[in-house]
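1. mind folding the following:
(one chain, ligands or ions: 2)
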Amino acid sequence: MKTIKYILAFLLMMAAASSAQATTFSYLKFTTTSGDTLAYSVEDLKITFANGYAYITNADGNSNLALINQANMYFSNGDQEPSTTLIGDVNLDGRVDASDIACVVQIIIGELPAGTFDERDDVNDDGSVDSNDIATLVTIISSSE
Ligand SMILES: [Ca+2]
Ligand SMILES: [Ca+2]
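-> Ligands and ions are numbered 1, 2, ... in the order given. Next up is the predicted model:
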């Protein structure tokens, strides 16, 4: 159901944006619930939502995505992260939870290299990834429960 809310928010945003000024985008991007990013060129792009899938046709061909596996969807002019990224959503799955703490821990203990999460692991934005970021995550998670 969360996915549907994102899609609805997106469609409302698009409706609002189309009445403002036109913007040229290069890519349609999806972030899956497992944190992977899928990018589609917007050349000759056509999207249909039906039966829980997004059916995407563009100059590169056809594909379809199960909406239940998508955390968010956005258009981009380049390789930018969505501006709606939640603070603390290190793995970009649309939620701030224990899995984000696990990501920060992996950086701190050196299991993953710095930069794996494009600086989202520096949750408190103080320039270093350490236990303070975990404390900040715990605060965010506990205040949202
Ligand atoms: Ca997350
Ligand atoms: Ca930090």
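
2. residue contacts, the nearest residue to Leu45 once chain neighbours are set aside?
-> Sequence neighbours aside, Asn58 is the residue nearest to Leu45 in space, at 4.6 Å (criterion: Cβ to Cβ, 6 or more residues apart in numbering). To be clear about C-beta, it is placed using only N, CA and C from the backbone, and glycine gets the same treatment. By Cβ atoms under 8 Å, 6 or more residues apart in numbering, the contact list for Asn58 reads 40-46.

3. for Leu38, same thing?
-> Residues in contact with Leu38 (Cβ under 8 Å, 6+ apart) are 29-32, 65.

4. between the residues you listed, which is nearest Met73?
-> Set against Met73, the nearest of the contacts of Leu38 by Cβ to Cβ is Phe30 (5.1 Å).

5. now do the SS call for that closest one.
-> strand (DSSP: H, G, I helix; E, B strand; the rest coil).

6. what does the pLDDT read for it?
-> Here the pLDDT value assigned to Phe30 is 89.

7. near ligand 1 at all, stretch 125-145?
-> No - shown here: stretch 125-145 not in contact with ligand 1 (Cβ under 5 Å from the ion), separated by at least 9.5 Å.

8. distance between that stretch and the chain's centre?
-> On the basis of Cα atoms, centre = their mean, to the nearest Å, stretch 125-145 sits 19 Å off its chain's mean C-alpha point.

9. what are the buried residues along it?
-> 129, 133-134, 136-137, 140-141 (16 or more other Cβ atoms under 10 Å).
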